[in-house]
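K.L.:
A predicted structure for the sequence below; I have some questions about it.
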Amino acid sequence: MIPEDFTVLYEKALASQDWELVNPLMTEEVSVTFSTGAVHQGKEKVQAAFEHNFKMIKSEKYAMSNIRWTKKTDTYAVFLFEYEWSGYINGNLLGGKGIGTSVIIYEDGHWKLLSEHLGKV
């Protein structure tokens with residue numbers, strides 16, 4: 001697997017709203033900062049945050065675009081991207097978009113997310 005494969009799998013996993021598909025793409029030490037400023041450190045806390053969002057947002061559509069690699073080695077890679085989401089919250093169609101920075105590492109034969117920071121446009 002190459003780093004670019006990770007982004008395809010990650011985008012599909014997030015769009016599925018199924019933690020079981022997201023889980024293998026995360027390191028135990030993963031840290032995710034949402035565009036709200038909320039920071040979630042460690043796989044258990046990231047899982048709780050993602051599952052909360054999955055429950056709140058129904059029929060979510062999630063897409064990543066304009067992926068730009070700033071560094072790729074055999075053991076880690078850093079990329080910037082734009083994201084967009086939409087879905088129903090309390091029956092209302094809502095959505096948002098922003099920019100993100102992610103660091104992935106090669107661990108146990110797979111690329112996994114170590115850190116992600118999401119920001120607003």
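P.N.:
Here it is on my side, so go on.

K.L.:
how close does the residue nearest to residue 85 when sequence neighbours are not counted sit to residue 3?
P.N.:
The shortest distance from residue 85 to any residue other than its chain neighbours is 4.8 Å, reached at residue 62 (C-beta to C-beta, 6 or more residues apart in numbering). Just so you know, the C-beta spots here come from the backbone N, C-alpha and C atoms, and that holds for glycine as well. Distance, residue 62 to residue 3, using C-beta to C-beta, to the nearest Å: 19 Å.

K.L.:
Correct me if wrong: the residue nearest to residue 85 contacts residue 16.
P.N.:
No. Residue 62 is beyond contact range of residue 16, at 9.0 Å (criterion: C-beta atoms under 8 Å).

K.L.:
Pick out whichever of these two has more residues nearby.
P.N.:
Legend: neighbour count by other C-beta atoms under 10 Å for residue 62 and residue 16, higher for residue 62 (19 against 14).

K.L.:
Return the distance of that one relative to residue 15.
P.N.:
As judged by C-beta to C-beta, residue 62 and residue 15 stand 4 Å apart.

K.L.:
How about residue 40?
P.N.:
19 Å.

K.L.:
Looking at those two, which has the bigger crowd around it?
P.N.:
Of the pair residue 40 and residue 15, residue 40 is the one with more neighbours under other C-beta under 10 Å, namely 19 against 15.

K.L.:
Residues in a beta bridge with the more buried one, which ones?
P.N.:
Residues in a beta bridge with residue 40, per DSSP bridges, are residue 32.

K.L.:
so it touches residue 49, yeah?
P.N.:
Yes. Under the criterion of C-beta under 8 Å, residue 40 makes contact with residue 49 at 4.4 Å.
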